[in-house]
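> Generate a structure from the sequence data that follows.
(2 chains)
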Amino acid sequence: ETGVTQTPRHLVMGMTNKKSLKCEQHLGHNAMYWYKQSAKKPLELMFVYNFKEQTENNSVPSRFSPECPNSSHLFLHLHTLQPEDSALYLCASSSRDRNHYGYTFGSGTRLTVV
Amino acid sequence: TQLLEQSPQFLSIQEGENLTVYCNSSSVFSSLQWYRQEPGEGPVLLVTVVTGGEVKKLKRLTFQFGDARKDSSLHITAAQPGDTGLYLCVRGGSQGNLIFGKGTKLSVKP
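You can find the predicted model right below:
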């Protein structure tokens, strides 16, 4: 347990489904992130929230919709996904100078789109 | 460019062997971090290096930051199966985010 909890751990969904990924941290961090990890690619930053405000949207398709109701919770709402969206989706949080103190990652949600 | 190049991409060794993996960039880092990601889990921070020439040790792992702060290496002594995983080199980006290399996938066979 790293302090960042992601649910579900595994998700299989059809292209017409709507589902949500959940991330929760009680580390007192003020920033939360969604990353996508695909085979043979570096981790790709999707969204950044600082103090509940979205500060970065890294050209992510609108079929991915983030929500940050408070500084401890982060959601990623999914709808009409494509098979190429299958990947490991990682949530992370950080505090203060993230370049020095690093990120704490959750264990990820392994998403398969069929 | 802020890209990070890691080498080798894959490494398979026997238990007890030593190994070194590398991280390089054409630009200077203010700081650099190494993470390890085990199968089915998220990355876990191992170390942060800040000063050029800095060397940090974590049990059998030795991390070095290049004098010019453009490169770093990770050396593992007497590797064990528990060292198996993806080793990621990470630097800070210009927008305050982290930039990840593709990683070195290490497999240590008993």
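
> got a pLDDT number for the residue most central in space within chain A?
Taking Cα atoms, centre = their mean, the centroid of chain A lies closest to residue A:34, which sits 2.8 Å from it. Residue A:34 is assigned 94 on the pLDDT scale.

> Test my guess that it contacts residue A:76.
Yes. Look at residue A:34 against residue A:76 with Cβ atoms under 8 Å: they come within range, at 5.5 Å. To be clear about C-beta, it is placed using only N, CA and C from the backbone, and glycine gets the same treatment.

> Spell out which residues are contacts of both of the two.
Common neighbours of residue A:34 and residue A:76 (criterion: Cβ atoms under 8 Å, 6 or more residues apart in numbering or on different chains): A:23, A:46-47, A:64, A:66, A:89.

> now for the helix or strand containing the residue nearest to the centre of chain A, which elements pack on it?
Assessed by DSSP states H and E, residue A:34 sits inside strand A:31-37. When contacts are defined as 3 or more Cβ pairs under 8 Å, 6 or more residues apart in numbering or on different chains; DSSP states H and E, strand A:31-37 packs onto strand A:18-25, strand A:44-50, strand A:64-70, strand A:73-79, strand A:87-94.

> How far does that strand sit from its chain's centre?
Averaging C-alpha positions (Cα atoms, centre = their mean, to the nearest Å) puts strand A:31-37 4 Å from its chain's average.

> cool, and stretch A:18-32?
8 Å.

> Likewise for stretch B:10-19?
Worked out by Cα atoms, centre = their mean, stretch B:10-19 lies 15 Å from the chain centre.

> From start to finish, how long is that stretch in a straight line?
Start and end residues of stretch B:10-19 are separated by 12 Å (Cα to Cα, to the nearest Å).

> Show me what the worst-scoring helix or strand of chain B on mean pLDDT packs onto, helices and strands only.
Lowest on mean pLDDT, DSSP states H and E among the helices and strands of chain B sits strand B:98-100, with a mean of 83. Counting contacts by 3+ Cβ pairs under 8 Å, 6+ apart, strand B:98-100 packs against strand B:85-92.

> so the strand it packs on versus strand A:31-37, what angle?
Counting by axes from the mean of the first three to the mean of the last three Cα atoms, to 10 degrees, strand B:85-92 lies at 130 degrees to strand A:31-37.

> Is strand B:85-92 positioned near chain A?
Yes. Strand B:85-92 is in contact with chain A by Cβ under 8 Å from any Cβ of the partner chain, via B:88, B:90-92.

> Next, format those residues as CSV and append pLDDT and neighbour count.
Output for the residues of strand B:85-92 next to chain A, formatted as CSV (pLDDT from 0 to 100; neighbours: other Cβ atoms under 10 Å in any protein chain shown):
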residue, pLDDT, neighbour count
B:88, 96, 25
B:90, 91, 26
B:91, 86, 23
B:92, 77, 19
